[in-house]
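> A predicted structure for the sequence below; I have some questions about it.
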Amino acid sequence: MDALTTVETAQQAMEEAPTIIVKVGSALLVRENGSIRREWMAALVQDIAALVKAGRRVVLVSSGAIRVGLRLQGREPVQLGLDEKQAAAALGQIRLAEAYADCFAEQDLRVGQILLTQEDTEDRRRYLNARATLNRLLDWGTIPLVNENDTVATAEIRFGDNDRLAARVGGMVGADLLVLLSDIDGLYTGNPKTETSAEHLPLITTGITPEVEAMAGVERSAYSNGGMVTKLAAAKIALGAGCAMIIADGSGLHPLQALREGVKATLFKPALSRHSARQAWLVGALSGNGVLVLDEGAARAVRQGKSLLPAGVSQVEGAFGRGDTVQLRGLDGSDIGRGIAIYDSEEAQAIAGKRSADIAGLLGETRGPNLIHADDLALF
Ligand code: GLU
């Protein structure tokens, strides 16, 4: 069962979520003149450190590279060409990461930088690779620091906003909660800056309906690419993956601590559990002609929620690539389910029936002990 099934408030979600994605908007982190708000950053990092020390897994998605880079180059953030934004991101990202690394070091924590494009979150192979790296960093107790790979993303394939990127990352690592820190403390029934009757909504359980979208119609943030519209787009992605989402005002110091103490915010709760969202997605995903025939022990193990090891595969049929969905079949020909293969069909042939410890020897490299990870299995 998912960790957040019974929570009703942002505060409870912060206390219950084992894996949290924290997204920081440029407007919070970088002053209008392009300098980094170091005190704010250090306070945020202390909050993250407190969560990590309490056993949570935290991924930090931070914007700000472009604005920091523009400042370094003495450029104003107006009417920029894509190449200028990309060059600014190249200059700024290294400074941003350096500043974070310093702040985390003060808390005895390490950060690992991951720059992703939209394609990395869509192409199955790249998705699996990025996910494996993120999970490894989390297993090591380190903090993945994520931004869009602005230097190579072209206009058509850019996220352009880190709200949606953060939601995709949430789906990737099976996060329970995505926290969007911005300059507004949640969703209102109208624009709170212009409409006095606009009411704050602490909890949304309906999903992102047209009514919810209408309430968010106005772009309320002057500097970031975000605004409420991309936040709701992010909510759709997150909720679709069974991940809850919070919109909170991060302007003050210690924004995550404030959420844990019950500051005003909006919590969006998913209708589907993470598990059922993933299963629905897997079953809906087109499967090619690849088939793995499992022996009885393996069929039993996967039904108990375990990953599929090569040792339990007695036969490999058809051609499939890494990241493709394959069919799982029993020795009696029964259709057991679907799963995403970590090894391609040739590799699977070579390691079927063998021990995971032998994978490196047989293939010359290993991508871990599983042929299919438990999270990537949908069983009938
Ligand atoms: N990736 C951009 C940056 O780091 C920011 C995108 C956003 O504002 O969401 O500058």
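That came in fine, so what should we check first?
> remind me which residues of the stretch 51-200 of the chain are low pLDDT?
Along the stretch 51-200 of the chain, the parts satisfying pLDDT under 70 run over 156-157.
> what does it have sitting close to the ligand?
Within the stretch 51-200 of the chain, the residues that sit near the ligand (CB under 6 Å from any ligand atom) are Ser63, Gly64, Ala65, Ile66, Arg67, Ala89, Asn147, Glu148, Asp150, Asp161, Asn162. No exception for glycine: its C-beta is placed from N, CA and C like everyone else's.
> ranges for the helices of the stretch 1-150 of the chain?
Counting by DSSP state H, counting those that start in this stretch, the stretch 1-150 of the chain has helices at residues 10-16, 26-29, 38-53, 65-72, 82-106, 118-122, 124-139.
> follow-up on the earlier one: how about TSV for the residues of the stretch 51-200 of the chain next to the ligand, with neighbour count added?
TSV is the format used below for those (neighbours: other CB atoms under 10 Å):
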residue	neighbour count
Ser63	28
Gly64	28
Ala65	27
Ile66	28
Arg67	26
Ala89	26
Asn147	24
Glu148	26
Asp150	24
Asp161	21
Asn162	27
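> Throw these into CSV and include distance to Trp281, thanks.
Formatted as CSV, those follow (distance: CB to CB, whole Å):
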residue, distance to Trp281
Ser63, 27
Gly64, 32
Ala65, 31
Ile66, 32
Arg67, 35
Ala89, 31
Asn147, 26
Glu148, 23
Asp150, 28
Asp161, 23
Asn162, 23
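> show me where the stretch 151-300 of the chain has its strands.
For the stretch 151-300 of the chain, the strands defined by DSSP state E, counting those that start in this stretch cover 177-182, 187-188, 200-201, 203-204, 244-249, 265-268, 291-294.
> could the ones you listed be laid out in a markdown table, adding mean neighbour count?
Shown next, in a markdown table, are these (neighbours: other CB under 10 Å):
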| stretch | mean neighbour count |
| --- | --- |
| strand 177-182 | 28 |
| strand 187-188 | 23 |
| strand 200-201 | 15 |
| strand 203-204 | 19 |
| strand 244-249 | 26 |
| strand 265-268 | 27 |
| strand 291-294 | 22 |
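> quick one: closest of the ones you listed to Gly323.
strand 291-294 (14.6 Å; CB to CB).
> pLDDT of that closest one, averaged?
Averaged over strand 291-294, pLDDT sits at 96.
> stretch 203-216 now?
The model assigns stretch 203-216 a mean pLDDT of 89.
> that one spans what distance, first to last residue?
15 Å (CA to CA, to the nearest Å).
> what lies in contact with that stretch?
8-9, 187-190, 201, 228-229, 231-232, 235-236, 239, 266-271 (CB atoms under 8 Å, 6 or more residues apart in numbering).
> need the helices of the stretch 1-150 of the chain in CSV (columns: distance to Gly305).
Compiled in CSV, these are given as follows (distance: least, CB to CB, whole Å):
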stretch, distance to Gly305
helix 10-16, 21
helix 26-29, 39
helix 38-53, 26
helix 65-72, 40
helix 82-106, 34
helix 118-122, 26
helix 124-139, 17
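> any idea which of those gets closest to Ser276?
Of those, nearest to Ser276 by CB to CB is helix 10-16, at 18.4 Å.
> thinking again about what came up before, nearest to Gln304, out of the strands of the stretch 151-300 of the chain?
It is, among the strands of the stretch 151-300 of the chain and with distance given as CB to CB, strand 291-294, at 12.9 Å.
> which residues does the closest one contact?
By CB under 8 Å, 6+ apart, the surrounding residues in contact with strand 291-294 are 302, 308, 312-318, 326-331, 336, 339, 341, 348, 352, 371-372.
> if any of the contacts of stretch 203-216 are buried, give me the PyMOL selection for them.
Entered in PyMOL, the line below selects the buried ones among those, by 16 or more other CB atoms under 10 Å:
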select buried, resi 187+188+189+190+201+228+229+231+232+235+236+239+266+267+268+269+270
